[in-house]
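In: predicted model and sequence follow; I will ask about them next.
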Amino acid sequence: QVQLVESGGGLVQAGGSLRLSCAASGRTFGSYAMGWFRQAPGKEREFVTAIGWSRATVYADSVKGRFTISRDYAKNTVSLQMNSLKPEDTAVYYCAARPLGYSDDATRYDYWGQGTQVTVSS
């Protein structure tokens, strides 16, 4: 069982930065792949980025070069550094976990956090 709690959302102007964190509980954190997804009002949940147990990463084209995912095994946390934010990045951001390898398919993730709101003003 893995429990996930996100933090770090907020309001920022376009071009600014935010750093999201996801704290995971559970002794098997190290064997899980972690992902970030987001959902804007009226839209489907979409993949943002993911990181595997080996720290291999994958990014959606829309955030490549602007967002960076990382994980700290000692602290059981996953972070999402978001730079050069755009108004279209506005959404609720969710942290998710799944055993074995990462995926860009939300249906393959077993555990989800409650989400944190990110709002980017123009």
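Out: Done, it's in. Note that the coordinates shown come from a computational prediction; the quantities given were computed from them, not determined experimentally.
In: distance check, Lys86 against Leu80.
Out: 15 Å (CB to CB, to the nearest Å). Quick note: C-beta positions are derived from backbone N, CA and C, even for glycine.
In: same thing with Phe29?
Out: Noted for Phe29: a distance of 16 Å to Leu80, by CB to CB.
In: swap in Asp89?
Out: Counting by CB to CB - Asp89 and Leu80 are separated by 11 Å.
In: returning to that earlier point: between Phe29 and Leu80, which one's more packed in?
Out: Neighbour totals were compared for Phe29 and Leu80, and Leu80 leads with 26 against 20 (other CB atoms under 10 Å).
In: after the host helix or strand of that one comes which helix or strand?
Out: Using DSSP states H and E, the element containing Leu80 is strand 77-82. Beyond strand 77-82 in the direction of the C-terminus, DSSP H and E gives the next helix or strand as strand 91-99.
In: and that following strand, what does it pack against?
Out: For strand 91-99, the elements it packs on are strand 3-7, strand 18-25, strand 32-39, strand 111-112, strand 116-121, judged by 3 or more CB pairs under 8 Å, 6 or more residues apart in numbering; DSSP states H and E.
In: any idea which of the ones you listed is most buried?
Out: Of all these, strand 32-39 carries the top mean neighbour count, a mean of 24, counting by mean count of other CB atoms under 10 Å.
In: can you give me the pLDDT of the residue sitting nearest the centre point of the chain?
Out: Within the chain, one residue has its C-alpha closest to the average C-alpha position: by CA atoms, centre = their mean, that is Trp36, at 2.4 Å. Confidence at Trp36, expressed as pLDDT, is 98.
In: what's opposite it in the beta bridge?
Out: Using DSSP bridges, the beta-bridge partners of Trp36 come out as Thr49, Cys95.
In: distance of it relative to Ser122?
Out: If you go by CB to CB, the gap between Trp36 and Ser122 works out to 23 Å.
In: how many other residues sit next to the closest residue to Lys43 other than its chain neighbours?
Out: Nearest non-adjacent residue to Lys43, counting by CB to CB, 6 or more residues apart in numbering: Ala91, 7.8 Å away. Other residues lying near Ala91 total 22 when counted by other CB under 10 Å.
In: what do you get for the one 4 residues further on?
Out: By the other CB under 10 Å criterion, the neighbourhood of Cys95 contains 28 residues.
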